[in-house]
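# Got a sequence here, can you model it:
(chains A and B)
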Amino acid sequence: MSAFFAQGGYGFFVWSAYGMAAIVLIAEVMQLRARQRALLARLARLQRLAGTASTDTQGTLGAAPGQRQAK
Amino acid sequence: MALNPFKFAAPAVFYPLANRLIPWFWTLTGILLALGLYWGFFQTPDQLGGNNAQKEYYRIIFVHVPAAWMSMWLYVIMVFWAAVGLVFNTRLSFMMANAVAPTGAIFTFLALWTGAFWGRPSWGTYWDWDPRLTSELVLFFLYLGYLALHAAIDDQRRADRAAALLAIVGLVIVPVIYWSINCPDPTQCASLHQRSNLTRIEGNILFAMLTMTLAFWMYSFATSLMRLRTLILEREAEASWVQELLNPRGGR
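So this is what the prediction gives:
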């Protein structure tokens, strides 16, 4: 096992290359997922607000999405 | 039934298609990555290290070469969609060019980074202003320039067109990268970088390298489609099909 991590004494170079590849590729996927989720949440909230604006003049329904809004 | 090639050019039609394809591309990415990494690390001890001329750091090839290939192929794909967008004025084509660019930039960065960590043990330096390395760095800046220019223009259509033009002009760097090491007369090549010759690579190493290349292709499809899906929703937020998608029952 330690021989695997040592890579014949070149472990630093091998794992620096593979480590950065893993970090960058995983970060890209996580960023894409977060962006899609945030967008869907924003669009759903906009639609709720648009829907309640006409029927809910008291603003009782509109308050809930506002409180749930992230950020 | 006649197949209409422009049918899938409509964002409303393409969005559900992308949603269906993404899990398949992720599955293939996972299988190919596992196979490529296993083969690269555990089926090559006889070829790498010990008394062999190639030491263990040669395993960087399994990310370096596929990443470098992807950096060039994705640029060509980006230019293709940018050109289609300019000629046919189709919204989805520009979005496709836009969806590919960040993944291409990431692979260009990875090619440079992994190359640096291969160069240090084999050449004795992380970086050299050699033709191959320098032209690849220019490609990285072209990706960043494309993304920055697109982000800098508020008007979506003008941003699409301006960035597409920049991408097309930048295509000139791709043959430069290719011939920076593959020039016809080897003695005329100033490159420190090795020439690429697939027939001289040992079978197990080649198999792992090509498997990783396929894995990166599948990864690129998956991430590009994920980004495209988000871009479509962002730009079509006002469209009725998006409203129905968000609220299929038509109001709650």
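# And B:Trp217, how far from A:Ala50?
41 Å (Cβ to Cβ, to the nearest Å). To be clear about C-beta, it is placed using only N, CA and C from the backbone, and glycine gets the same treatment.
# what about these two, which has more around it?
B:Trp217 (19 against 10; other Cβ atoms under 10 Å in any protein chain shown).
# Let me see the contact set for the closest residue to that one other than its chain neighbours.
Excluding the flanking residues, the one nearest B:Trp217 by Cβ to Cβ, 6 or more residues apart in numbering or on different chains is B:Met70, at 7.3 Å. Applying Cβ atoms under 8 Å, 6 or more residues apart in numbering or on different chains to B:Met70 gives the contacts B:103-104, B:107, B:213, B:216-217, B:220.
# just B:Asn19 next, same as before
B:Asn19 neighbours (Cβ under 8 Å, 6+ apart): B:Arg229.
# Tell me which helix or strand it sits in.
helix B:11-42 (DSSP states H and E).
# right, and the helix or strand after that helix?
The element immediately downstream of helix B:11-42 (helix or strand, assigned by DSSP H and E) is helix B:61-88.
# and the angle from that next one to helix B:11-42?
Interaxial angle, helix B:61-88 versus helix B:11-42 (axes from the mean of the first three to the mean of the last three Cα atoms, to 10 degrees): 160 degrees.
# For helix B:61-88, list every residue counted as buried.
B:61-75, B:77-86 (16 or more other Cβ atoms under 10 Å in any protein chain shown).
# got the residues of chain B near chain A?
B:41, B:48-50, B:55-57, B:59-60, B:63-64, B:67, B:102-103, B:106, B:109-110, B:113-114, B:117-118, B:120-121, B:219, B:223, B:226-227, B:229-230, B:233-234, B:237, B:242-243, B:246-247, B:251-252 (Cβ under 8 Å from any Cβ of the partner chain).
# Emit the PyMOL select command for whichever of the residues you listed are buried.
Buried residues among the residues of chain B next to chain A (16+ other Cβ under 10 Å), as a PyMOL selection:
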select buried, chain B and resi 41+48+49+55+56+57+59+60+63+64+67+102+103+106+109+110+113+114+117+118+120+121+219+223+226+227+229+230+233+234+242+243+246
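# Packing partners of the longest helix anywhere in chain A?
With secondary structure taken from DSSP state H, chain A has its longest helix at helix A:11-55. Packing contacts for helix A:11-55, counted by 3 or more Cβ pairs under 8 Å, 6 or more residues apart in numbering or on different chains; DSSP states H and E, involve helix A:60-68, helix B:61-88, helix B:91-123, helix B:203-235, helix B:240-246.
# mind running it again at 6 Å?
Packing partners of helix A:11-55 (3 or more Cβ pairs under 6 Å, 6 or more residues apart in numbering or on different chains; DSSP states H and E): helix A:60-68, helix B:91-123, helix B:203-235, helix B:240-246.
# Ok, which of those comes nearest B:Pro16?
With Cβ to Cβ as the criterion, B:Pro16 lies closest to helix B:240-246 of these, at 8.5 Å.
# Show me what that closest one is packed against.
For helix B:240-246, the elements it packs on are helix A:11-55, judged by 3+ Cβ pairs under 6 Å, 6+ apart.
# Can you check what angle separates the helix it packs on from helix B:91-123?
160 degrees.
# Check the model's average confidence along helix A:11-55 for me.
Helix A:11-55 shows a mean pLDDT of 91.
# With stretch B:58-65 instead?
Averaging pLDDT residue by residue across stretch B:58-65 gives 96.
# got it, and stretch B:184-198?
74.
# What count of nearby residues applies to residue 46?
By default, I'm working from chain A. 15.
# wait, I meant chain B there
Applying other Cβ under 10 Å, we find 10 residues neighbouring B:Asp46.
# Relative to B:Asn204, how far out is it?
B:Asp46 is 8 Å from B:Asn204, by Cβ to Cβ.
# One more: A:Gly9?
According to Cβ to Cβ, A:Gly9 and B:Asn204 sit 22 Å apart.
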